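A.B. asks: Need coordinates for the below:
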Amino acid sequence: MPVQPNAYTYNPLIHALCKRGRVTDALSVLDDMLCRGCAPDVVTYNILVEATCKGRGYRQSMELLDLMRAEGCTPNNVTYNVIMDGMCTEGDVDDALELLRNLPSYGCSPNTVNYNTVLKGLCSAERWEDAEELVTQMLQENYPPNEATFNAIITPLGRKGLLQKAIELLEKMSKHGCTASIVTYNAIINGLCEQRNVDGALGLLSSMKSYGCKPDIVTYNTLLKGLCGAARWVDAEELMDNMAQNDCIPDNVTFNTLISFLCQKGLMEDAVEVFKQMPYKGCTPNSITYSTIIGGLAKASKLGQALELFNEMGHKGFNPDKIYQLLSECMNEEDKIEEAIQTVRKLQDSGISPHTVLYNAILLGLCRNGKTEFAIDIMAYMVSSGCMPDDLTYVILIEGLAHEGYLNEARELLNKLCTRDVLVNRLIRSEALLLDQNIRA
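C.D. replies: Residues are numbered from 1 along each chain as shown. Take a look at the predicted model:
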């Protein structure tokens, strides 16, 4: 004997059709259910109300709501929430607010999710006083705000720069036993720091602890950035000590932030000291750390130190592409070129093998400053010292020769490298094109 289909049987089909945007077909299935005497349940209608709301607007879904009631199926919180969300999306926030207030008369007690939906709509319309009034109503009627409530109102307040109002609301809700998440606190702290109100951000750090919300690495890194931006180095150091005391281990972002600001202020000795302390604090420098401090040293005319760290960076396998240009620009004077050569010899004397990237940086500096012949001598020294050239080494020399007008020599070098399969095909094509362009010019 065949089993009579019911709403549980039809719902997956209706849901699948709605998900594929075939709302008309889904509504036809609903008609078929009614014709067959198969009563749709609240899940059936909720699927269709949501799909209709998204596709045709909430006014169309109101017709389904009327049908739902006429068929003896009582709408629930989900049904009304979908419609209120549609109202807010279409800018009819007052209608959503009225529907929320009328829910009890429809036999449906509103919940926190319903309040949050309307609250979000009020905030999108920047109706802050109405939003605050609604939060007060939630507290009075014992609908406890949750994390979504905080995010719905406090985050947009922060984006609009209305941080004092956000803090007042945060304190008000905290007094009613509602604890905001760390995400909410971090959003306000970030806003305060961006407004250069670092003291306000530090004050919020203290109060969040008293309300039982523990700061995380994002909190501390945001505050550290604010303190460094205000050149409050002593406070920044105290904050890092405070991190350790609160079992929040500084990460690469922490150290990179501090090093970056110290470099910007030209405090290179302090920046180098922080860099050296990283391994002892359980943090290994990454490519951003190296790039930042090498760039700072180069701009401070400390070329030798910059090249030493650049060599170290190469040995650790980091990609130094962005640093080549900066270092080559520093070698624009005879004494700087001599300093670069002395750095190579110093490393060799101390038992450290100069890396190919270090030689490439020096070669690029020489070629950029019209000393390609000297660069060829340095390359010969490089090979005799046991450091083998890579693709970039040859590209630098070919382009250096071409730039100085030695086009035949550049072409000859390229041909030799081609016959020996030294360069990859991509580089051969690009260098040949470059030489052709130079010859035509």
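A.B. asks: where in this protein is pLDDT low?
C.D. replies: For the chain, residues meeting the criterion pLDDT under 70 lie at 1-5, 414, 416-441.
A.B. asks: quick check: domain ranges of it?
C.D. replies: Here the domain parsing of the chain from the TED database is 249-331, 350-440.
A.B. asks: Would you format these as TSV with mean neighbour count and distance to Val113 included?
C.D. replies: The way it works is simple: take the backbone N, C-alpha and C, and place the C-beta from them, glycine included. Formatted as TSV, those follow (neighbours: other Cβ atoms under 10 Å; distance: least, Cβ to Cβ, whole Å):
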stretch	mean neighbour count	distance to Val113
domain 249-331	18	35
domain 350-440	17	56
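A.B. asks: Dump the ones you listed into a markdown table; add distance to Leu192 as well.
C.D. replies: A markdown table is the format used below for the domains of the chain (distance: least, Cβ to Cβ, whole Å):
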| stretch | distance to Leu192 |
| --- | --- |
| domain 249-331 | 17 |
| domain 350-440 | 42 |
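A.B. asks: and Phe19, what does it touch?
C.D. replies: For residue 19 the amino acid is Lys, not Phe. Lys19 makes contact with no residue under the criterion Cβ atoms under 8 Å, 6 or more residues apart in numbering.
A.B. asks: Quick check: phi and psi at it.
C.D. replies: As for Lys19, its main-chain torsions (degrees, to the nearest 10) stand at phi -70, psi -30.
A.B. asks: for Asp41, same thing?
C.D. replies: Note on Asp41: backbone dihedrals following degrees, to the nearest 10 are phi -100, psi -180.
A.B. asks: number of nearby residues for it?
C.D. replies: Asp41: 13 surrounding residues under other Cβ atoms under 10 Å.
A.B. asks: That one reaches Cys73, doesn't it?
C.D. replies: Yes - taking contacts as Cβ atoms under 8 Å, Asp41 lies within contact range of Cys73: 6.6 Å.
A.B. asks: got the residue ranges for the helices in the stretch 1-150 of the chain?
C.D. replies: Using DSSP state H, counting those that start in this stretch, the helices found in the stretch 1-150 of the chain span residues 7-19, 23-35, 42-56, 58-70, 77-89, 93-102, 112-124, 128-140, 147-159.
A.B. asks: Ala231: which of these is closest?
C.D. replies: Nearest of those to Ala231, taken as Cβ to Cβ: helix 147-159 at 24.8 Å.
A.B. asks: So what angle separates the directions of that closest one and helix 112-124?
C.D. replies: On the basis of axes from the mean of the first three to the mean of the last three Cα atoms, to 10 degrees, helix 147-159 is oriented at 10 degrees to helix 112-124.
A.B. asks: So which bits of the next helix or strand after helix 147-159 are buried?
C.D. replies: Note on helix 147-159: by DSSP states H and E, the next helix or strand toward the C-terminus is helix 163-175. Neighbour-count burial for helix 163-175, counted by 16 or more other Cβ atoms under 10 Å, picks out Leu163, Lys165, Ala166, Ile167, Leu169, Leu170, Met173, Ser174.
A.B. asks: for those residues, which one is nearest Gly296?
C.D. replies: The closest of those to Gly296 turns out to be Leu163 (Cβ to Cβ; 32.5 Å).
A.B. asks: ok, the closest one to Gly72 distance?
C.D. replies: In this view, Leu163 and Gly72 are 51 Å apart by Cβ to Cβ, to the nearest Å.
A.B. asks: Ala96 now?
C.D. replies: Relative to Gly72, Ala96 is positioned 26 Å away (Cβ to Cβ).
A.B. asks: More neighbours: which of those two?
C.D. replies: The neighbour comparison of Ala96 against Gly72 (other Cβ under 10 Å) goes to Ala96, with 27 against 7.
A.B. asks: doesn't Met84 make contact with the more buried one?
C.D. replies: Yes - counting by Cβ under 8 Å, Met84 is a contact partner of Ala96 at 4.3 Å.
A.B. asks: any residues in contact with both of those two?
C.D. replies: Taking Cβ under 8 Å, 6+ apart as the criterion, Ala96 and Met84 both touch Thr117, Val118, Gly121.
A.B. asks: Please tabulate those residues in CSV, including the columns distance to Arg196 and neighbour count.
C.D. replies: Putting the shared contacts of Ala96 and Met84 into CSV (distance: Cβ to Cβ, whole Å; neighbours: other Cβ atoms under 10 Å) gives the following:
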residue, distance to Arg196, neighbour count
Thr117, 35, 23
Val118, 35, 26
Gly121, 32, 27
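A.B. asks: Would you mind putting the residues you listed into TSV with distance to Val234 alongside?
C.D. replies: TSV is the format used below for the shared contacts of Ala96 and Met84 (distance: Cβ to Cβ, whole Å):
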residue	distance to Val234
Thr117	47
Val118	47
Gly121	46
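A.B. asks: Skipping its backbone neighbours, what lies nearest Lys225 in space?
C.D. replies: In space, and not counting its chain neighbours, Lys225 is closest to Thr257: 5.2 Å by Cβ to Cβ, 6 or more residues apart in numbering.
A.B. asks: helix, strand or coil for that neighbour?
C.D. replies: Following DSSP: H, G, I helix; E, B strand; the rest coil, Thr257 is assigned to helix.
A.B. asks: In contact with it, which residues?
C.D. replies: Neighbouring residues of Thr257 by Cβ under 8 Å, 6+ apart: Asn221, Leu224, Lys225, Cys228.
A.B. asks: ok, Val93 to Ile189 distance?
C.D. replies: Between Val93 and Ile189 the distance is 29 Å, computed by Cβ to Cβ.
A.B. asks: So if I had to pick from those two, which one is more boxed in?
C.D. replies: Set side by side, Val93 and Ile189 show more neighbours around Ile189, with 29 against 22, by other Cβ under 10 Å.
A.B. asks: Do you have the helices of the stretch 151-300 of the chain handy? List them.
C.D. replies: Assigned by DSSP H, counting those that start in this stretch, the helices in the stretch 151-300 of the chain fall at 163-175, 182-194, 198-210, 217-229, 233-245, 252-264, 268-277, 287-299.
A.B. asks: Burial check on Pro145, number of neighbours?
C.D. replies: When counting by other Cβ under 10 Å, one arrives at 23 neighbours for Pro145.
A.B. asks: Equivalent analysis for the one 3 residues further on, please.
C.D. replies: Neighbour count of Ala148, defined by other Cβ under 10 Å: 16.
A.B. asks: Alright, calling it a day.
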